[in-house]
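Enquirer: Following is a predicted model, sequence given first.
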Amino acid sequence: MTDLLRDRTDSPPIAAAYSAAEAAAQAAGVTIRSLDSVSELEAVRRLYEQIWRTGENSPPVTADLLRALTKAGSYVSGAFDGDELVGSCFGFFSPPAREALHSHIAGVLPRLRRRNVGFALKLHQRAWTMAHGVNEICWTYDPLVRRNAYFNIAKLGAEPAEYLPDFYGPIDDDINRSDDSDRILVRWHLTSPAVESACAGGPRLIDAQAARAAGASVALSVSPTGAPAVAPVVARADDGHADTVLVAVPEDIESLRESDPACAAHWRTAVRDVLHGLLAEGARVRGFDRAGWYVVDRGSPTHPTHPTHPTHPTAASTRRTAQQNGTHQNGTHRHETHHGEASDAASKETA
């Protein structure tokens, strides 16, 4: 169940987003609602401390900051299992010209990981954002965390847009430890066909082995010892058409940071060198295979490969249409990130 209130004047896309959010919350067995009281926001602070194991002296966010964000019209929500707060997500609007919401942190208690609470939180955020006249949410996530890459790219249908080396600087928690805070910025085009399908339960699946059989080259793989194995990237085809490159990530980088910090650091450097380099050249991440592979399409040097999206009305035009029709758009119209959006576990969206 959610607190999203339908209005007879809601457009069909917004009404469909409400329905998808309600269905996801019911499937997860949680109630999701917006939060704004000091006591609720203090509970969010304690929840994030528990998820990221930061301790009281270095919380991921403070209640007073969350209070300011809600007053300014930004997004803060909580997922409740009965009376217990088990997950939360918050974001703030980008500059008006960007017409987007930046989602900063989304986190769910690890013991609820299999219940798709994180998915329900994101669908609530999507419906709330669309109702406020905005059709894009962006956030960051750690490209080394396999489950988060699958969640963001496959399950939600978000598009990787940029690789950000050591974006946050040092992060003082037990999940990131001393690793550099490299992140991938993703953009979630809320009304695109791919996202609508994902929110209806149709994830964007991709088969890395099939891509390899079709001629994809492996730029980075997992060696028999678990270390990164970098291979030279095959040159582009002479005809200038895009070719495909596969980039692997380790099975569990968080455990690796505890058991073998040096190997974890090597993975950070290897993925940065390969994936950052590809995206900087104009390549596009076509998808993420749950087996741990980014599938990346490269364009010719003069014709970079970029994702294409249908043209959507801007937030400003949406508001103008709503005014002409006598309807109301509630709240501020602007934009999320975190130290990495997670699926149903800890996820600071930097993202």
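Expert: Perfect, I can see it now. Numbering: from 1, shown residues only.
Enquirer: Enumerate every residue touching residue 224.
Expert: For residue 224, no residue meets the contact criterion (C-beta atoms under 8 Å, 6 or more residues apart in numbering). Every residue, glycine included, has its C-beta placed from N, CA and C.
Enquirer: phi, psi of it?
Expert: Dihedral angles of residue 224 (phi, psi; degrees, to the nearest 10) stand at phi -60, psi -20.
Enquirer: Got the confidence number for it?
Expert: With respect to pLDDT, residue 224 has a value of 95.
Enquirer: What of residue 323?
Expert: pLDDT, read off for residue 323, is 34.
Enquirer: quick one, what contacts residue 200?
Expert: Residue 200 makes contact with residue 20, according to C-beta under 8 Å, 6+ apart.
Enquirer: residues near residue 223, how many?
Expert: Other residues within reach of residue 223, judged by other C-beta atoms under 10 Å, total 10.
Enquirer: does it really touch residue 248, like I thought?
Expert: No: the pair residue 223 and residue 248 fails to qualify as a contact (C-beta atoms under 8 Å) at a distance of 9.8 Å.
Enquirer: ok, which stretches of the stretch 151-300 of the chain are helices?
Expert: For the stretch 151-300 of the chain, applying DSSP state H, counting those that start in this stretch gives helices covering 193-199, 208-213, 253-259, 261-271, 277-280.
Enquirer: can you check the stretch 1-150 of the chain too?
Expert: 12-28, 38-52, 63-71, 117-131, 146-149.
Enquirer: Any regions of the protein where pLDDT drops low?
Expert: Across the chain, the ranges flagged by pLDDT under 70 are 6-9, 172-178, 233-242, 300-351.
Enquirer: want to throw the helices of the stretch 151-300 of the chain into a markdown table with distance to residue 115 and mean neighbour count?
Expert: Formatted as a markdown table, the helices of the stretch 151-300 of the chain follow (distance: least, C-beta to C-beta, whole Å; neighbours: other C-beta atoms under 10 Å):
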| stretch | distance to residue 115 | mean neighbour count |
| --- | --- | --- |
| helix 193-199 | 17 | 19 |
| helix 208-213 | 27 | 15 |
| helix 253-259 | 20 | 17 |
| helix 261-271 | 28 | 18 |
| helix 277-280 | 33 | 16 |
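Enquirer: Can I get those in JSON lines including distance to residue 164?
Expert: JSON lines is the format used below for the helices of the stretch 151-300 of the chain (distance: least, C-beta to C-beta, whole Å):
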{"stretch": "helix 193-199", "distance to residue 164": "22"}
{"stretch": "helix 208-213", "distance to residue 164": "24"}
{"stretch": "helix 253-259", "distance to residue 164": "17"}
{"stretch": "helix 261-271", "distance to residue 164": "13"}
{"stretch": "helix 277-280", "distance to residue 164": "10"}
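Enquirer: returning to what we had before: point out the most buried one among the helices of the stretch 1-150 of the chain.
Expert: For these, the largest average neighbour count (mean count of other C-beta atoms under 10 Å) is found in helix 117-131, namely a mean of 27.
Enquirer: Which strands or helices does that one pack on?
Expert: Judged by 3 or more C-beta pairs under 8 Å, 6 or more residues apart in numbering; DSSP states H and E, the packing partners of helix 117-131 are helix 12-28, strand 31-34, strand 75-81, strand 84-93, strand 101-108, strand 136-141, helix 193-199.
Enquirer: Between these, which one is closest to residue 268.
Expert: strand 136-141 (14.1 Å; C-beta to C-beta).
Enquirer: elements contacting that closest one?
Expert: On a contact count with 3+ C-beta pairs under 8 Å, 6+ apart, strand 136-141 meets strand 101-108, helix 117-131, strand 183-189.
Enquirer: dump the residue contacts of the closest residue to residue 3 other than its chain neighbours.
Expert: Once flanking residues are discounted, residue 3 sits nearest to residue 33: 3.7 Å by C-beta to C-beta, 6 or more residues apart in numbering. Neighbouring residues of residue 33 by C-beta under 8 Å, 6+ apart: 2, 3, 77, 78, 80.
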